[in-house]
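Asks: Fold the following, please.
(chains A, B and C)
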Amino acid sequence: MFTRVQGWLDERFHWADIIGPLKKKTVPIHRLSYWYFLGGITLFLFLIQVCTGILILLYYRPSANEAFESVQYIMTRVQFGWLIRSIHSWAANLMIFTAFSHMFSVVFLRAYRKPRELTWLSGMFLLFLAMGFGFSGYLLPWNTLAFFATKVGTEITGQVPVIGHPLMVLLRGGEDVTGATLTRFFGLHVAVLPGLTTVLILVHLALVQYFGISVPPGVEARWKASPGDARQMKFFPSFFLRELMAWYIALGVLGALAALLPWELGTKADPFAPAPAGIRPEWYFMFMFQTLKKIPAKVWFVDGEIVGIVVFGVAGLLWLLLPFFDQLARGRGRRFVMGAGVFALCYMISMTIYGYMAK
Amino acid sequence: MDTWRNSCCAVALLLLMFFCDGLACAQQQNTCLDCHSALDPPLQVTAETFAQDIHSQKGLTCASCHGGDPTKADPEAMSKSAGFRGKIERSQIPALCGSCHSDAAFMRKYNPSLRTDQLGQYKTSVHGRLFAKGDRNVAVCIDCHGVHDLRPASDTRSKVHPLNVAQTCSRCHADTAHMKGYAIPTDQFEKYNTSVHREAMVARGDLSAPTCTTCHGNHGAAPPGVDSVQNVCSTCHVFQNQMYEKSSHMSAFQAAGLPGCVVCHSNHGVSDPTDARLGTGPQAVCMQCHTPGDSCDQARAEMLANLKSLEDAIRDSDKLLSVAETSGMEVSQARLDEDQARDALTKARVTIHSFSKELVNRDIQDGLNLAGKTLQAGKNALAERDYRRRGLGLAVIFILLTVVGLFLYIRQSEREAPKV
Amino acid sequence: MRRRIVELLLGGGLFASIVTFLYPVLRYLIPPPVPDLGGDEVVAARVADLKPNGSKIVRFGTRPALLLMTADGEYRALSAVCTHLSCTVQYRRDLHQIWCACHNGMYDLSGRNISGPPPRPLEDFQVHVRGNEIVISRKRQA
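Replies: Alright, predicted model coming up:
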């Protein structure tokens, strides 16, 4: 039956030519191969988000008056609404975690090297899009924490030199965070960002497919010396089945989290109430937030916040250009990138922990 | 020549008046303050203090009450010919203040909505009546309102702002030396500070909570008579009064000349009425009159038992709902019902004042029904939580089965066809 | 034989797990009996239920609301939560005013606090009649 369908497709679309390369796709096997799973898991979590997101869309109402109540409705009245919504919230956080992990594994396994610079760039933009998803999605339940976190977050955006204020107004749909902001974030979250992300994912996957899976330099050298040691696994069916296992386990973890630690509702946002104590952003923004908090109010004559924003902007730009640094002065470039990677990872982890410990 | 000099002086004086500092200068020259700001108390009145005074802000000067001429220096300033009265005699104060404040036509020029019956009321008060008999120890206007830094009652710094009234009254009424010779206690302020009314005002900022003047009156201050206590308390506590009027206690207390609400709740130290008052312990009020074992004692015991059963039911369902909440279940509707059950308990406690166990029982039953509903909601929430966990368990088992199956399949197929 | 067991395990596991995923999703798609939580709008009563100078306490979102019909036949809807200490207020037909039993607070029919302890007026809502239903809704927020 299967072969008959394939035959039908082949007569029309040269199906055999299309799946030919896929059948030949291989994955290098070595001590560090397990890191290869991270990208796939991130993709899997994104697919989960799309599915649960569409389901939530059936009941959610994006207006300041009704948003909170509609989420409450999903959590309490809709059958298994609690499950769908909690999975969506947990998967969002897990996805960003795996995306960051995937990125760092690429840095430390040096998979960004020539010729894979564009893969790196597309991946970085995907990470920015993921964080945009997180930021826009966080506001949608319209609870107190989300409202004020958005207020602070967009306020900081407004501090960017030159373009900050117009950008903030564009994001907020006005000068303040209101129902207009909610509608705008909703549009971003369900239409604009998904569209961009889908395109970029296809580009990213196509690039990965085109260049094949990268091998870490140490392993590469060893295999060059003795080609007999090189081991590759067929993608179909071997690696694919293993990846399926990983995805299944991830699904189990998600279900457990949703059932044992359901995502809370909070209290409905009241724009006129004063901000409660302890407003913080989601954990993936915490390191930036904590940094901004710790910078003194004025550095020479410049506003501390602006210094922080500019520093992060420059750091982000340098990070984007990492593959190109690698090319410079052979050994030095590589050491610089490794050092930057270690520094970035340690900085992010420690500032995040600091942000949560400090009161 | 003279005209020239006079006009120069006039111009100089005008310029002086325009350019010199201080409110007194802005209005008119005030030589009184010039000297008296430099003196020691009790003669000291500084320009800053007097600037805060409401009379000063309305344009009155020292001379308005004390006479004299504020534009001249001594000795013309304080001369009899200028009408100087010096320090106003204590016996003259009510009449002096009343000379303006009881004149409706005059007061209308400044604040048409201010009352003008203060002096009349004062004359009916205990202070006023004793004052008329020659007692100069009692309070007169300035003792409560202050004199040179008098502020309107709405100003939080005023001695007669609701938050400060008790403190002001206590200056005399808690001073045992001052109150010697009057046959009244001096512990009212101390007791009031322990009361729920004081707590409402200070801790919750509820300015509508009663202070001394709420029950005693301000200008016409006098304790409410034994038969007026009920009326005074029922200004706010309407429902309790309605219940009390239906009860046997009202006629019994009236016949015995007992002061209604005060018998059980006291007057100044009105404390939080806990259920222990219905008991037999040290806080019990019923058993101060009633004989143990009689029908009233039995009714009391029954009402107390009912209250306790409702309180326990609410507490049990509250515990269950909290467990459900921490497990992640959404129970806001049940919490709403729990609020209503608590309202029913409060209502039952109000109905106690009817001293009828049937009436109390009706409210208790309503509350118990609600508490039963919320308990059931809590149980349902926990059952739902268990259902979810069972579902999760099932899903995890199937997932593990699949994963194991995948693992075995991979191993098996790769034994036959190597992966590399 | 071994192969059959493994294939059965895999196939069975896949099938069972997919069912445990699809079952909640399919039930999720079925709309619940109550289409609304009523946070923004609620059907308070039928036109026939309210007479002039009559009132009804209804649940609006998570708090009670007071729906009343004045003697002139006009509908008013206000929050029934007293602004003093949050007791539930009631309409007094004899006084034509809204009264709080806890400490004798009084509000007029527009919700303004006119006597007693309440420090602020009652929040007012919009009322319209749709067919034979009286609907209370929150005033439009930005």
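Asks: what secondary structure does B:His148 sit in?
Replies: coil (DSSP: H, G, I helix; E, B strand; the rest coil).
Asks: now swap in the one 10 residues further on and tell me
Replies: Counting by three-state DSSP, the backbone at B:Ser158 sits in coil.
Asks: which residues does it contact?
Replies: B:Ser158 makes contact with B:145-146, B:150-152, B:164 under the criterion C-beta atoms under 8 Å, 6 or more residues apart in numbering or on different chains. Backbone N, C-alpha and C define where each C-beta goes, glycine included.
Asks: measure it to C:Arg63 for me?
Replies: 37 Å (C-beta to C-beta, to the nearest Å).
Asks: Show me the chain divided up by domain.
Replies: If you meant another chain, say so; for now it's chain A. Here the domain parsing of chain A from automatic domain parsing is A:23-216+A:233-267, A:286-359.
Asks: my bad, chain C
Replies: Domain ranges of chain C: C:1-30, C:41-137, per automatic domain parsing.
Asks: excluding its backbone neighbours, what's nearest the residue nearest the centre of chain C?
Replies: For chain C, the residue nearest the mean C-alpha position is C:Phe60 (2.3 Å; C-alpha atoms, centre = their mean). Among residues not flanking C:Phe60 along the chain, C:Val42 sits closest, at 5.2 Å (C-beta to C-beta, 6 or more residues apart in numbering or on different chains).
Asks: again, but for A:Arg184
Replies: Counting by C-beta to C-beta, 6+ apart, A:Arg184 lies nearest to A:Gly173, which is 4.3 Å off, once chain neighbours are set aside.
Asks: residues touching that neighbour, list them.
Replies: Contacts of A:Gly173 (C-beta under 8 Å, 6+ apart): A:180-181, A:183-184.
Asks: now B:His237
Replies: Contacts of B:His237 (C-beta under 8 Å, 6+ apart): B:261, C:103-104.
Asks: hang on, isn't B:Ala174 packed against B:Thr186?
Replies: Yes: using C-beta atoms under 8 Å, B:Ala174 is in contact with B:Thr186, at 5.4 Å.
Asks: coming back round to it: could I get the domains of chain A in TSV, plus columns for mean pLDDT?
Replies: Formatted as TSV, the domains of chain A follow (pLDDT from 0 to 100):
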stretch	mean pLDDT
domain A:23-216+A:233-267	92
domain A:286-359	87
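Asks: and C:Ala77, what element?
Replies: Here C:Ala77 is covered by strand C:75-79, with elements defined by DSSP states H and E.
Asks: where's the closest residue to chain C within the stretch 151-300 of chain A relative to A:Ile279, distance?
Replies: Per C-beta to the nearest C-beta, A:Thr178 is where the stretch 151-300 of chain A lies closest to chain C, at 4.5 Å. Per C-beta to C-beta, A:Thr178 is found 18 Å from A:Ile279.
Asks: which one of these two has more residues nearby?
Replies: A:Thr178 (17 against 14; other C-beta atoms under 10 Å in any protein chain shown).
Asks: Got the phi and psi for that one?
Replies: phi -140, psi -170 (degrees, to the nearest 10).
Asks: thinking it is in contact with A:Ser63, fair?
Replies: No: counting by C-beta under 8 Å, A:Thr178 stays clear of A:Ser63, with 10.9 Å between them.
Asks: list residues touching both of those two?
Replies: Counting by C-beta under 8 Å, 6+ apart, no residue touches both A:Thr178 and A:Ser63.
Asks: Could you say which helix or strand holds C:Ile114?
Replies: Per DSSP H and E: strand C:113-115 holds C:Ile114.
Asks: what element comes up after the helix or strand bottoming out on mean pLDDT in chain C heading to the C-terminus?
Replies: The weakest-scoring helix or strand in chain C, judged by mean pLDDT, DSSP states H and E, is strand C:41-46 (a mean of 81). Using DSSP H and E, the helix or strand that directly follows strand C:41-46 along the chain is strand C:54-60.
Asks: could I get stretch A:115-132 in PDB with only the CA atoms?
Replies: Only the C-alpha atoms of stretch A:115-132 are listed here, as PDB (Å, rounded to 0.1, in the frame of the first residue of the first chain):
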ATOM      1  CA  PRO A 115      30.100  27.200   6.000                       C
ATOM      2  CA  ARG A 116      27.300  27.300   8.500                       C
ATOM      3  CA  GLU A 117      27.300  31.000   9.300                       C
ATOM      4  CA  LEU A 118      23.800  31.600   7.900                       C
ATOM      5  CA  THR A 119      22.500  28.700   9.900                       C
ATOM      6  CA  TRP A 120      23.800  30.400  13.000                       C
ATOM      7  CA  LEU A 121      22.300  33.700  12.000                       C
ATOM      8  CA  SER A 122      18.900  32.200  11.200                       C
ATOM      9  CA  GLY A 123      19.000  30.300  14.500                       C
ATOM     10  CA  MET A 124      19.800  33.500  16.400                       C
ATOM     11  CA  PHE A 125      16.900  35.300  14.800                       C
ATOM     12  CA  LEU A 126      14.700  32.300  15.700                       C
ATOM     13  CA  LEU A 127      15.800  32.800  19.300                       C
ATOM     14  CA  PHE A 128      14.900  36.400  19.300                       C
ATOM     15  CA  LEU A 129      11.500  35.500  17.800                       C
ATOM     16  CA  ALA A 130      11.100  32.900  20.500                       C
ATOM     17  CA  MET A 131      11.700  35.500  23.200                       C
ATOM     18  CA  GLY A 132       9.300  37.800  21.400                       C
END
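Asks: which parts of chain A sit against chain B?
Replies: Residues of chain A found near chain B (C-beta under 8 Å from any C-beta of the partner chain) are A:29, A:72, A:75-76, A:82-83, A:231-234, A:237-238, A:241-242, A:244-245, A:248-249, A:251-252, A:255-256, A:259-262, A:264-265.
Asks: If you count neighbours, what's buried in stretch B:230-239?
Replies: By 16 or more other C-beta atoms under 10 Å in any protein chain shown, the buried positions in stretch B:230-239 come out as B:230, B:232-234, B:236-239.
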